[in-house]
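**Q** After the sequence you'll find the predicted model.
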Amino acid sequence: MSMFSSLPDLRQLAHQQNGRPLLDVTPRYEPFKTTAEIQEEKKKNIRFGWFGFTPDFLQVFNTSRWLLFFVGVAGALECMSNYGFIPGIISTLERRFEMSSSKSGFIVSSYQIFALVTVPFITHIAGKTHKGKWLGAVTLLYGIGCFLFASPHFLTGRYEPPGSYATNVTSSQTTNTLCQSSNNDSFTEQCTTETTQSFSELSNYLYVFVVAQFFLSQCGGSLFTVGIAYMDENVKKKVSGLYVAVMCTTVCIGPTLGYVLIGRLLSLYVEWPDENGYS
């Protein structure tokens with residue numbers, strides 16, 4: 001007789017007591033994947049493209065050098081617009097949209113305010129997700145911000161310089177359309193409702209500029225945090241410092257080019273190419 005013959009059958013006992021047999025918990029193992037299958041699966045996950053669009057001809061850009069190029073160019077453009085273009089046109093925005101210096105100053109400072117608030121959350125979230133996709137998304141936000149910042153120029157009517165209509169009206173008409181000093185005995189202080197309404201409508205574009213700065217700040221905050229970390233993860237340790245140095249050097253070119261270009265662009269009339277004798 002076997003030494004185990006006296007032991008009860010656990011399955012039969014469970015069936016008698018509970019009316020159901022014990023569950024079969026024997027693990028089922030999947031067959032092991034070959035090295036070639038694993039490598040093929042990895043290649044599908046790291047292919048370069050846009051969502052599911054990953055054709056073979058785009059894989060030439062799937063290298064660390066092209067990553068350095070794209071991140072460097074994006075950083076240079078971002079710094080060109082925020083540290084070159086926008087500060088250079090502040091006085092022009094004040095005249096064109098009838099803003100005070102405090103409002104135009106808030107447009108510039110809002111970029112840093114948004115970056116200060118959002119960058120800690122951005123770096124925390126991006127660190128747990130795909131950094132490459134995150135950089136692509138914030139670069140898209142940068143483009144949206146640029147279009148928003150330029151949109152007030154196209155949404156407003158044609159710009160008429162102050163005093164441009166004075167040569168085509170009589171002296172009585174000039175008195176009724178211009179605001180005169182109240183201490184002048186020959187004229188009375190008159191500001192029409194239409195002029196005041198126009199001033200307030202143009203000033204409301206301040207909010208469009210601030211929203212545009214919010215989108216721009218998301219790109220700047222991500223490039224110098226997530227971008228550097230992503231680049232460091234995808235290059236060899238001995239060349240990581242060189243890649244970061246090249247990126248920072250490329251980014252520093254942005255503000256310089258921004259001031260040079262904006263200096264040339266400001267010499268053009270706001271309604272270019274129709275100058276009407278103005279510059």
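**A** Everything's here; your move.
**Q** CA atoms for contacts and neighbours, from now on please.
**A** Will do.
**Q** can you map out the helices along the stretch 51-200 of the chain?
**A** 64-80, 86-88, 90-96, 101-126, 131-155, 171-177, 193-203 (DSSP state H, counting those that start in this stretch).
**Q** mind putting those in JSON lines, mean pLDDT included?
**A** Output for these, formatted as JSON lines (pLDDT from 0 to 100):
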{"stretch": "helix 64-80", "mean pLDDT": "89"}
{"stretch": "helix 86-88", "mean pLDDT": "87"}
{"stretch": "helix 90-96", "mean pLDDT": "84"}
{"stretch": "helix 101-126", "mean pLDDT": "88"}
{"stretch": "helix 131-155", "mean pLDDT": "88"}
{"stretch": "helix 171-177", "mean pLDDT": "41"}
{"stretch": "helix 193-203", "mean pLDDT": "54"}
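**Q** I'd like to know which of the ones you listed is closest to Thr54.
**A** helix 131-155 (13.5 Å; Cα to Cα).
**Q** hey, which helix is longest across this structure?
**A** helix 237-265 (DSSP state H).
**Q** mind listing what's buried in it?
**A** For helix 237-265, burial by neighbour count (16 or more other Cα atoms under 10 Å) applies to 243-244, 247-248, 250-255, 257-259, 262.
**Q** what's the answer for stretch 203-212, then?
**A** By neighbour count on 16+ other Cα under 10 Å, the buried set for stretch 203-212 is Ser203, Tyr205, Leu206, Val208, Phe209, Val210, Val211, Ala212.
**Q** quick one: the longest helix of the chain to helix 64-80, angle?
**A** Orientation of helix 237-265 against helix 64-80 (axes from the mean of the first three to the mean of the last three Cα atoms, to 10 degrees) gives an angle of 30 degrees.
**Q** From the contact counts, what lies against helix 237-265?
**A** helix 64-80, helix 86-88, helix 228-233 (3 or more Cα pairs under 8 Å, 6 or more residues apart in numbering; DSSP states H and E).
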